[in-house]
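Asks: with the input below, show me the fold.
(chains A and B)
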Amino acid sequence: MTARGSISTAIPVSAARRSAPAMESGIVLWLRRNLFNGLYNTVLTLLALWALFVTLPDFINWAVIDAVWHTQDSKVCRQASGACWAVVAEKHRVMLFGTFPYDEHWRGVLVIAIVVGMSVMSAFRRLWSYRLFGAWLVATGAVFVLLLGGVFGLTPVGTHQWGGLPLTLVMFAGTVVGGMPAGVLLALGRRSSLPAIRALCTGFIEILRGLPLITILFMASLMFPLFLPEGVTVDKFLRAQIAMMLFFAVYAAEVVRGGLQAIPRGQYEAADAIGLSYWHKTGRIILPQALRIALPALVNEIIRAFKNTTFVSIIGLFDVLRATSTALQDPLWVLYSIEAYLFIFLLYFVFCFAMSKYSEHVERDLAKGRNL
Amino acid sequence: MSYTSAAAARAQPPGRLRLSLRDIWHNLRFRAWAYQIIVVAVIVGGGVYLIGNAQDALQKRGISTGFDFLLQTAGFDIGEAPIAFSSTDSFLRAYAAAFLNTLKVSVIGIVLATFIGVTIGVARLSSNVLIRTFASAYVELFRNTPQLVQLIFWYTLIAQLPVAKQAVSLFDAVFISNRGLVLPWPSDAAAFAWVLTAFAVAIAAALFIMRWATAHRRLTGHAVPVIGWTLALIAGAPVAVWLLQGAPSGFSIPQMQSFNFQGGVTISPEFLALLLGLSLYIGAFIAEIVRSGIQSVGKGQIEAARAIGLRPAQIYRRVVLPQALRVMLPPTASQYMSLVKNSSLGVAIGYPELFNVNNTIITLSGHTIEAIGIMMAIYLSISLMIAALMNRYNQTVQIRER
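Replies: Numbering: from 1, shown residues only, chains lettered A, B, ... in the order given. From the prediction side, this is the model:
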């Protein structure tokens, strides 16, 4: 740094005033550096431009210019040559709220607001405290009151009527909030000095990780009821929720284990030396450091958990995906399924993209000061 | 570890051994045993209770348990079975057909996903801004949306393609319509299977020869020039097998008959959608692994390689690739596993893979527990097999510290 600085001050002033040659600054330079540096890149650029030229006008015509944005009559769409975005406007209630009673949709909107609001709050590491955990408990209570009803003059709604985005978000929040502690416990168990605990946790993690999520959901929805005593039933939503939680927990456990392994031995030994009990050592010394290391990877698992909520549609819960495919069974609008699926594609993308940018931010933030 | 018991022992005057309950409870060894016995007892007890419930329920419904049902007649058809399968075949054969379908889509999917991942991953590091932007957009879009939504999107898209009569064609040989993709196929498929086998065997033999040559060079210091020979073997063996079979050169080109295509080979919409859904999604993840793997190779390594006068191709082959592979391999293996496991999403669009067929078997046979057990055993063994293979390969690329 200093060497370069001293050279630049040594350059005569008159030389510094000379303006750069036309071909070596501004847009021409940018083009040469980024698009036409060498024969190979020039060919690539021309090919890419040609591909854009062939596809882009058609796509814009379809998606924007010839598209139908607003109509309640599917015949209008049939006559148009472009996309029929009107299907989203027409079916958005079913797509977003599924089988939830139509007049009670405002409750779903509140649930979405609560879950999204709490998730955004949880993203600020400044706010992490037991108070936030308490707030989550209160939020969970509020969500269940809003969705189930039956108190405060709210109409009761069974879990079989839950659907759409509220179901997706509640399933997601439940998976993470319930699965995270389970994952931490499993990770600790896998590194325990007690052989039976270690073997049980290792076996549980490895078996669940070796199976597709859908088979675990399927076990929960089809096989689990067989094992219950007669007359005892567990709600289908709850069964799916527990399956999702366990699946998330084993993946989170592996991430946390990675964090635990990165903690130097000296930390354990120092905690032992000052006579801390196992839980004090773990809760006050080891876990705070291990979770900090594992955080970016944990956020990636959380994103995966969000995407995985779509799997519950296969066992018959009305999440956004299934609600959408149900809405599209309407013979008048079935031709415009592509547009509707593109809409929910975008919906999921917004959530996941925000989370993945957050993960990158956390990773950069935590790396600060480590590479000094 | 043993300081508690040591302290307890010290507190006692020597010669008098009296243990109170309190002492026992504060003994670490005793506690460790107690915890483990309690946990194991709870789990075993819970398991016995649940299994007892299941047995009662099954007895009441008059369902027998056991694996005898596997030999019974299946009584259903599988849309596209890689082995001959009809409704008079047994459940066991249905499992075999379904397993082969899962294997087929997984293997082709892994090859395709790797190709996409390497191409896009390298493109993200391109100095060309258009290519770089396109690759980044691809990765962000496909990584940040659920695989199931993508899968259903592809399936819907294929279903809305023109009907077979107005199929979109490429050089009048490849046709794509709502019936799927129709490709030209060698008329003498068996002969070409042998040619492919010869190709695979030749590659294996070439690898073996190269390993021997490297070992020989290390041992004696004499380099054996084998590159030419191995290339000749890889190119020559398939050609020789092809010529031996009378050089069959006929291709069956698909042709539009009254309602459907004749000739060629048809790839069903279900298979096509599942293949796209699996490989485009996993490909985006592999692209990220490839990118970060290449970026993980230190600049100093490349500069040092340049300084000792290696050519760009040599730098890539001898310096960058071995180090990048070491970083890329473990996460790629878990992506492959995830691809195989998620092939079970075929159930959502009706591709007859293991999970889908297993559902049918459960409905028809009523042997829920056994069928789910078989399915889980198969998925677990595939996962463990990939893990074992990758560990094996991982050991060969790992740094050997001296």
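Asks: what about residue 269, neighbour count?
Replies: The chain I'm using is chain A. 9 (other C-beta atoms under 10 Å in any protein chain shown). Quick note: C-beta positions are derived from backbone N, CA and C, even for glycine.
Asks: switch to chain B, that's the one I care about
Replies: 23.
Asks: any weak-confidence spans in the chain?
Replies: Here I'm looking at chain A. Counting by pLDDT under 70, chain A contains low-confidence ranges at A:1-25, A:369-372.
Asks: look at chain B instead
Replies: In chain B, residues with pLDDT under 70: B:1-19, B:256-260, B:263, B:397-402.
Asks: let's see that with 80 instead.
Replies: B:1-28, B:57-89, B:162-174, B:176-180, B:182-192, B:222-227, B:244-266, B:366, B:390-391, B:393-402 (pLDDT under 80).
Asks: report the contact partners of the residue in the stretch 51-200 of chain A that chain B sits nearest to.
Replies: Nearest residue of the stretch 51-200 of chain A to chain B (C-beta to the nearest C-beta) works out as A:Ala196 at 3.8 Å. Contacts for A:Ala196 (C-beta atoms under 8 Å, 6 or more residues apart in numbering or on different chains) come out as B:Gln36, B:Ile37, B:Val39, B:Val40.
Asks: nearest residue to B:Glu270 in space, please, no chain neighbours.
Replies: B:Tyr351 (4.0 Å; C-beta to C-beta, 6 or more residues apart in numbering or on different chains).
Asks: ok so the one you found is a strand residue?
Replies: No - B:Tyr351 sits outside any strand when classified using DSSP: H, G, I helix; E, B strand; the rest coil, being coil.
Asks: what packs against the helix or strand encompassing A:Ala297?
Replies: Assigning secondary structure by DSSP states H and E places A:Ala297 in helix A:287-308. Packing contacts for helix A:287-308, counted by 3 or more C-beta pairs under 8 Å, 6 or more residues apart in numbering or on different chains; DSSP states H and E, involve helix A:164-190, helix A:236-261, helix A:337-367.
Asks: ok now do residue 43, which residues does it touch?
Replies: No chain was given, so I picked chain A. So A:Val43 contacts nothing (C-beta under 8 Å, 6+ apart).
Asks: that was the other one, I meant chain B.
Replies: A:Leu200.
Asks: just the element for it, please.
Replies: Judged by DSSP H and E, B:Ile43 forms part of helix B:28-61.
Asks: distance from the chain centre to that helix, please.
Replies: 35 Å (C-alpha atoms, centre = their mean, to the nearest Å).
Asks: tell me what the helix or strand following that helix is packed against?
Replies: Counting by DSSP H and E, the next helix or strand C-terminal to helix B:28-61 is helix B:91-123. In this structure, helix B:91-123 packs against helix B:129-143, helix B:269-295, helix B:321-342, helix B:354-365, helix B:368-397, with contacts taken as 3+ C-beta pairs under 8 Å, 6+ apart.
Asks: format the CA atom coordinates belonging to the third one as CSV.
Replies: Spelled out, it's helix B:321-342. C-alpha atoms of helix B:321-342 as CSV (Å, rounded to 0.1, in the frame of the first residue of the first chain):
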residue,chain,number,x,y,z
LEU,B,321,-8.6,-29.3,-10.1
PRO,B,322,-7.1,-31.7,-7.5
GLN,B,323,-7.5,-29.1,-4.8
ALA,B,324,-11.0,-27.9,-5.9
LEU,B,325,-12.2,-31.5,-6.1
ARG,B,326,-11.2,-32.2,-2.6
VAL,B,327,-13.5,-29.3,-1.4
MET,B,328,-16.3,-30.0,-3.8
LEU,B,329,-16.7,-33.7,-3.3
PRO,B,330,-18.4,-34.1,0.1
PRO,B,331,-21.2,-31.5,-0.5
THR,B,332,-21.7,-32.9,-4.1
ALA,B,333,-22.2,-36.4,-2.6
SER,B,334,-24.9,-35.1,-0.4
GLN,B,335,-26.6,-33.4,-3.4
TYR,B,336,-26.5,-36.7,-5.2
MET,B,337,-28.2,-38.4,-2.3
SER,B,338,-30.7,-35.7,-2.1
LEU,B,339,-31.5,-36.2,-5.8
VAL,B,340,-32.0,-39.9,-5.4
LYS,B,341,-34.3,-39.3,-2.4
ASN,B,342,-36.3,-36.6,-4.0
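Asks: ok, B:Val39 touching A:Ile197?
Replies: Yes - using C-beta atoms under 8 Å, B:Val39 is in contact with A:Ile197, at 6.2 Å.
Asks: chain A contacts on the stretch 101-250 of chain B?
Replies: B:126-131, B:134, B:140-141, B:143-150, B:152-153, B:156-157, B:160 (C-beta under 8 Å from any C-beta of the partner chain).
Asks: follow-up on the earlier one: can you give me the angle the helix holding A:Ala297 makes with helix B:269-295?
Replies: Calculated by axes from the mean of the first three to the mean of the last three C-alpha atoms, to 10 degrees, helix A:287-308 forms an angle of 150 degrees with helix B:269-295.
Asks: residues making contact with helix A:287-308?
Replies: Outside helix A:287-308, the residues touching it (C-beta under 8 Å, 6+ apart) are A:172, A:175-176, A:179-180, A:184, A:213, A:244, A:247-248, A:251-252, A:255-256, A:258-260, A:262-263, A:267, A:348, A:351-352, A:355-356, A:358-360, A:362-363, A:366, B:144-147.
Asks: quick revisit: need the helices and strands packed on helix A:287-308 in a markdown table (columns: mean neighbour count).
Replies: Formatted as a markdown table, these follow (neighbours: other C-beta atoms under 10 Å in any protein chain shown):
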| stretch | mean neighbour count |
| --- | --- |
| helix A:164-190 | 23 |
| helix A:236-261 | 22 |
| helix A:337-367 | 17 |
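Asks: make JSON lines from the ones you listed and add distance to chain B to it.
Replies: Converted to JSON lines, the helices and strands packed on helix A:287-308 look like this (distance: least, C-beta to the nearest C-beta, whole Å):
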{"stretch": "helix A:164-190", "distance to chain B": "9"}
{"stretch": "helix A:236-261", "distance to chain B": "10"}
{"stretch": "helix A:337-367", "distance to chain B": "4"}
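Asks: near chain B, which residues of the stretch 101-250 of chain A are found?
Replies: A:193-197, A:200, A:207, A:209-215, A:218-219, A:222-223, A:226-230.
Asks: among those, name the buried ones.
Replies: For those, a neighbour count by 16 or more other C-beta atoms under 10 Å in any protein chain shown gives the buried set as A:194, A:196-197, A:200, A:209-215, A:218-219, A:222-223, A:226-227.
Asks: quick one: residues contacting B:Glu348.
Replies: Not Glu; residue B:348 is Ala. By C-beta under 8 Å, 6+ apart, the neighbours of B:Ala348 are A:Ser313, A:Ile314, B:Leu148, B:Leu151, B:Ile152.
Asks: mind checking how far it is from B:Gln150?
Replies: With distances taken as C-beta to C-beta, to the nearest Å, B:Ala348 is found 11 Å from B:Gln150.
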